[in-house]
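J.: Pasting the sequence and the predicted coordinates here, then a few questions.
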Amino acid sequence: MPIYVTDELMYSCFGTLFDRIQANVPAAADDLLKSNMAIRFRCSDPVAELTFDARERPLQILYGPSAVKPVIDIGLKADTLHCILLGDIGIRKAIGANLLELKGPIWKTTSLASLFHQAQHYYPQVLHEYSLPAHCPSLTR
C-alpha cells in the first residue's frame, strides 16, 4: 500500500513541509531560484503533480496540474519521492535504478539539493504529525 493514499493527503503533507522550510530556512530555495527554471514532479500512486516554479522570487510551489512549462519533468511513484525527501535515495540513484523518468538536463537537478537537504531535516516530523510512516518502502517501477 502506498504511503499517500490520496493526492489531497500528499498535497497537504508536502504543503506543510515546504511551508515550514520556507519559513525557517528561506535560503534553502536560493540555488533553485538562481536556476531560474521550473521543475515538475508527476507522481503516480496517487496521481499528483508538484511543480517548483523558480523563475522569479519568491519560489512558487504548485500542487496539482498547472500550466507552467517545466525545464525538467520527472515522472515517478509518490513513494519514490517520499524516499528522496527522506534522503534514503537520491535522484541520480533513482534514475540508475529505473525508478523515475526524467526529461530535461539531469545536471540541473542539483539546484534542488539545498531544498531537499532541508526536507530531510523537517520531513520526518511532518510525517509524524500526519501519522504517516517515516521509512522508505520497497521501491519498484
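T.: On my side now, so go ahead.

J.: what's the helix or strand bottoming out on mean pLDDT in the chain in contact with?
T.: The least trusted helix or strand in the chain, going by mean pLDDT, DSSP states H and E, turns out to be helix 91-96, with a mean of 85. Residues from elsewhere that reach helix 91-96, judged by CB atoms under 8 Å, 6 or more residues apart in numbering: 74, 76, 80, 83-84, 100, 102, 106, 109, 112. C-beta here means a position set from N, CA and C on the backbone, and glycine is covered the same way.

J.: Give me the neighbour count for R57.
T.: As a burial measure, R57 scores 9 neighbours (other CB atoms under 10 Å).

J.: how much space between the residue nearest the centre of the chain and A94?
T.: By CA atoms, centre = their mean, the chain has its centre lying nearest to L81, at 5.8 Å. To A94, L81 is 9 Å away according to CB to CB, to the nearest Å.

J.: quick one, strands of this protein?
T.: Listed in chain order, the strands of the chain (DSSP state E) span 38-44, 48-53, 60-63, 72-77, 100-103.

J.: buried sites along the longest one?
T.: Using 16 or more other CB atoms under 10 Å as the test for burial, strand 38-44 gives 38-43.

J.: Tell me which other helices or strands it touches.
T.: Other elements packing on strand 38-44 under the criterion 3 or more CB pairs under 8 Å, 6 or more residues apart in numbering; DSSP states H and E are strand 48-53, strand 72-77, helix 78-86.

J.: Just say which of the ones you listed is most tucked in.
T.: Each of the helices and strands packed on strand 38-44 was scored by mean neighbour count; the highest is helix 78-86, a mean of 23, by mean count of other CB atoms under 10 Å.

J.: contact partners of it?
T.: Taking contacts as CB under 8 Å, 6+ apart, the residues outside helix 78-86 that touch it are 2-4, 10, 17, 41, 43-46, 48, 50, 89-91, 94, 99-100, 116, 119-120, 123-124, 134-137, 139.
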